[in-house]
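S.K.: Okay, predicted coordinates and the sequence, questions at the end:
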Amino acid sequence: MTTSLVPPGAVGVLTRRRLFVYGLGSVGTGLFSTVPGLLLLYFMTDALGVPAGVAGLVVALPKAWDAVFNPVVGAASDREAVRTGRRTRLLVAGGLALPVAFAAMFLSPMTGTGAAVWVTVTFVLAASAFSLFQVPYVALPAEMSPVPSVRTRIMVWRIVFLTLGILVAGGAAPLVVDAAGGGRRGYGAMGLTVGLVIAAVLLVPALGTRWVRSRPGPVPLGLVAAFRTARGNRAFFALLLSFVLQAAAVAIMLAAAPYVATYRLGGYGLTSMLFVCLVAPSAVAVPLWAKAAGRWGRLRCLTVATCGYALGAAALLPAAGSGGTTAVAATLALCGLLGVCYAALQVLPLALLPDTVHADTARTGQVQSGAFTGLWTAGETVGLAAGPGAYAIALAATGFVSSTLDHPVAQTATARTGILLGFSLVPALLMLLSLPALRAYGRRRAVRETETTR
C-alpha cells in the first residue's frame, strides 16, 4: 500500500518500504541517546570508582561541545545538499564512526581519574559522530513531503522505531552487562554488542534515503547568518525551549533509574524492568497519539501529555519511597502510565518541528532544514546532558559515595533521599516549567497563521 503524495524533488512515492528504511535509523539514534543516559553515569560511579561530581562533568561536557558542534553540522549539511542534492555523505560518515567511538566509551582500561579522562575523550568523539548522522537525518522529513499530515505519518514510523531502539537499549543493555559478569568486563561486552547493532541500523538509512532530493535554497547560509535569520522564528524557539526542558526531565529520570533500582527498590536487576515499563507502552501509544492529534490537534495533545507526565512523576515520590514489594509494584505501574505520556513527548514535538521550518521559508525565502535541525538537536543535546549532569551534582551534594564492583559502599539516608527526589519531583517540575513555552509556541503559531491568511 502506498500514498499518492509525491514530495517535491523526490523520486517516486512515499512507500512503506521507504518509511521503514528511514525509520530504521531511529533504532540506532535511540540506542545511542539512551544507553549513555541510562548507564554511563552509573558505570563511572559504581564500576570505575569515579566520584559523582566528576562523573557528572564527564557526562555533561561532551554534550556541551555538541551544542556548539550540531549547528556547524547543520550548516555543513545544507552546503552538501546544495552541491549534491542529498545529505548522504554526512549520514554515512556518522554511521561509520559512531559505533567505534560508542564501544570505546565502555572499554576503559583504567579506573578513577584515568577512567574519567578516557570516557570524556571517547564520549566527545561519539557525540560528534552522532551529530554527523543525527542532524541531516532529522532534516529529511521536511524534504520528504510538504504535507503536515504526511510528515506526522513519517514521524510515527520514526518514533515507533525510536521506541524500539530505546526499549532494546534500556531493556537489553543492563542484561548484557549482567550476563557478561558485571563490572568493567560486563560493560565492555555491552559496548561492543550495542556498537555492532548501531552500525547495522545506521548504514541502512544512510544509503537508503538517497531518493530524497534536498533543496535548501540557491545558496546555503553560513552558521552565523543562519542563526541570525532563524532568530525571527519565535515559534521555533518557543517549541525548542519546551522540548529542551522535557528532554532534561526524561534524562534525569533515566540517569536515576539504576540508582533507584539499586538503593531504593532492592537490586540493580530492576533497572531493565523500570525502563521497559517506561518505554514499552510507547510502541502502542504512539499511533494512538497520532490519531488523537489528528482529531484534537497536536499542540493540545502535547500539553495534555506533559501535564500527565508531571503528575505521574510526582506520584513516584511516595510510591518508590514506601518500601518493600509494594514500592516495586507501584513504581512499575506508574512508569507504565508515564510511558503512555512519553510517547506523545517523543512524536508530537518532532511532528511540529517541520511546520516551523516551512513557516520560516515563507518568511525569509530560505529553506534551512539543516540549520534548524542543527539548532534543534543542539538544544536536545543540552537537555540530555543537563539531566544526568544535574543529577550527578545532586548525588554529590547529598553525600553519595562512589565505589567499584569489588568494593561496594552503603549509602546514607540523605543520599538515598536525593536519589529518589531526582527520580520524581525534579522531572515533574521541569515538565511543568515547559508548559509556558508550549503556550508561547501556540500564540506565535496563531499569529503566523493570521498573517498568512491576510
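M.R.: Ah, there it is.
S.K.: and Phe123, what does it touch?
M.R.: By C-beta atoms under 8 Å, 6 or more residues apart in numbering, the contact list for Phe123 reads 36, 40, 58-59, 62, 105. (Each C-beta comes from the backbone N, C-alpha and C, glycine too.)
S.K.: Just give me how far stretch 179-189 sits from the chain centre.
M.R.: The chain centroid and the centroid of stretch 179-189 are separated by 25 Å under C-alpha atoms, centre = their mean, to the nearest Å.
S.K.: what comes up buried for that stretch?
M.R.: The neighbour-count check on stretch 179-189 (16 or more other C-beta atoms under 10 Å) flags 180, 183-184, 186-189 as buried.
S.K.: Now for the closest residue in space to Leu302 that isn't next to it in sequence, how many residues are close by?
M.R.: Take Leu302 and drop its neighbours on the chain: the residue closest to it by C-beta to C-beta, 6 or more residues apart in numbering is Leu348, 4.2 Å away. Around Leu348 there are 28 other residues, counting by other C-beta atoms under 10 Å.
S.K.: Just the element for Leu348, please.
M.R.: Leu348 is part of helix 324-364, with elements assigned from DSSP states H and E.
S.K.: Give me the packing partners of that helix, helices and strands only.
M.R.: helix 112-144, helix 148-179, helix 223-230, helix 234-263, helix 270-296, helix 298-320, helix 369-397, helix 425-453 (3 or more C-beta pairs under 8 Å, 6 or more residues apart in numbering; DSSP states H and E).
S.K.: if you set the cut-off to 7 Å instead, what comes out?
M.R.: Contacts defined by 3 or more C-beta pairs under 7 Å, 6 or more residues apart in numbering; DSSP states H and E place helix 324-364 against helix 112-144, helix 148-179, helix 234-263, helix 270-296, helix 298-320, helix 369-397.
S.K.: before we move on, back to that, with the contacts of Phe123 in mind, which one is nearest to Val286?
M.R.: For those, the closest approach to Val286 (C-beta to C-beta) belongs to Pro36, at 23.3 Å.
S.K.: and Thr120, what is it in contact with?
M.R.: Residues near Thr120 by C-beta atoms under 7 Å, 6 or more residues apart in numbering: 58, 61-62.
S.K.: Check the spacing between it and Leu162 real quick.
M.R.: 27 Å (C-beta to C-beta, to the nearest Å).
S.K.: Ok, Ala415 next?
M.R.: 33 Å.
S.K.: of these two, who's got more company?
M.R.: With neighbours defined as other C-beta under 10 Å, Ala415 and Leu162 compare such that Leu162 has more, 27 against 21.
S.K.: Confirm for me that the more buried one is in contact with Gln346.
M.R.: Yes: Leu162 is within contact range of Gln346, at 6.4 Å (criterion: C-beta atoms under 7 Å).
S.K.: Can you tell me which of the contacts of Phe123 is nearest Gly49?
M.R.: Taking the contacts of Phe123 together and measuring to Gly49 by C-beta to C-beta, the closest member is Val58, at 12.9 Å.
S.K.: picking up where we left off before, out of the contacts of Phe123, the closest to Leu338 would be?
M.R.: Pro36 (20.8 Å).
S.K.: mind listing what's buried in stretch 323-335?
M.R.: In terms of neighbour count (16+ other C-beta under 10 Å), stretch 323-335 has its buried residues at 327-328, 330-332, 334-335.
S.K.: my bad, should have said stretch 91-109
M.R.: For stretch 91-109, by 16+ other C-beta under 10 Å, it's 91-92, 94-99, 101-108.
S.K.: any idea of the mean pLDDT for it?
M.R.: The average pLDDT for stretch 91-109 rounds to 95.
S.K.: got a list of contacts for it?
M.R.: 32, 43, 48, 115, 118-119, 122-123, 125-126, 129-130, 132-133, 136-137, 187-188, 190-192, 194-196, 198-199, 202-203, 206-207.
S.K.: Need the buried ones from the residues you listed selected in ChimeraX.
M.R.: Entered in ChimeraX, the line below selects the buried ones among the contacts of stretch 91-109, by 16+ other C-beta under 10 Å:
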select :32,43,48,115,118,119,122,123,125,126,129,130,132,133,136,137,187,188,190,191,192,194,195,198,199,202,203,206
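S.K.: show me what contacts the residue nearest to Leu317 when sequence neighbours are not counted?
M.R.: Nearest non-adjacent residue to Leu317, counting by C-beta to C-beta, 6+ apart: Ser424, 4.0 Å away. Counting by C-beta under 7 Å, 6+ apart, Ser424 makes contact with 313-314, 316-317, 320.
S.K.: what about stretch 269-278, distance to the chain center?
M.R.: For stretch 269-278 - counting by C-alpha atoms, centre = their mean - the centre lies 18 Å from the chain centre.
S.K.: Can you point out the buried residues in it?
M.R.: Neighbour-count burial for stretch 269-278 flags 270-278 (criterion: 16+ other C-beta under 10 Å).
S.K.: can you list those in a markdown table and add distance to Trp157?
M.R.: As requested, these are arranged in a markdown table below (distance: C-beta to C-beta, whole Å):
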| residue | distance to Trp157 |
| --- | --- |
| Leu270 | 32 |
| Thr271 | 29 |
| Ser272 | 26 |
| Met273 | 28 |
| Leu274 | 27 |
| Phe275 | 23 |
| Val276 | 22 |
| Cys277 | 24 |
| Leu278 | 21 |
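S.K.: with those in mind, which one is nearest to Cys341?
M.R.: Closest to Cys341, out of all of these and judged by C-beta to C-beta, is Leu278, at 10.0 Å.
S.K.: wait, isn't the closest one in contact with Leu338?
M.R.: Yes: if you go by C-beta under 7 Å, Leu278 and Leu338 touch, sitting 5.8 Å apart.
S.K.: Distance of Pro136 relative to Ala319?
M.R.: Pro136 sits 42 Å away from Ala319, taking C-beta to C-beta as the criterion.
S.K.: One more: Pro354?
M.R.: Pro354 is 38 Å from Ala319, by C-beta to C-beta.
S.K.: and what of Ala437?
M.R.: When Ala437 is compared with Ala319 (using C-beta to C-beta), they lie 28 Å apart.
S.K.: same deal with Arg439?
M.R.: 30 Å.
S.K.: Between these two, point out the one with more neighbours.
M.R.: Per other C-beta under 10 Å, whichever of Arg439 and Ala319 has more neighbours is Ala319, with 21 against 14.
S.K.: Okay then, goodbye and thanks.
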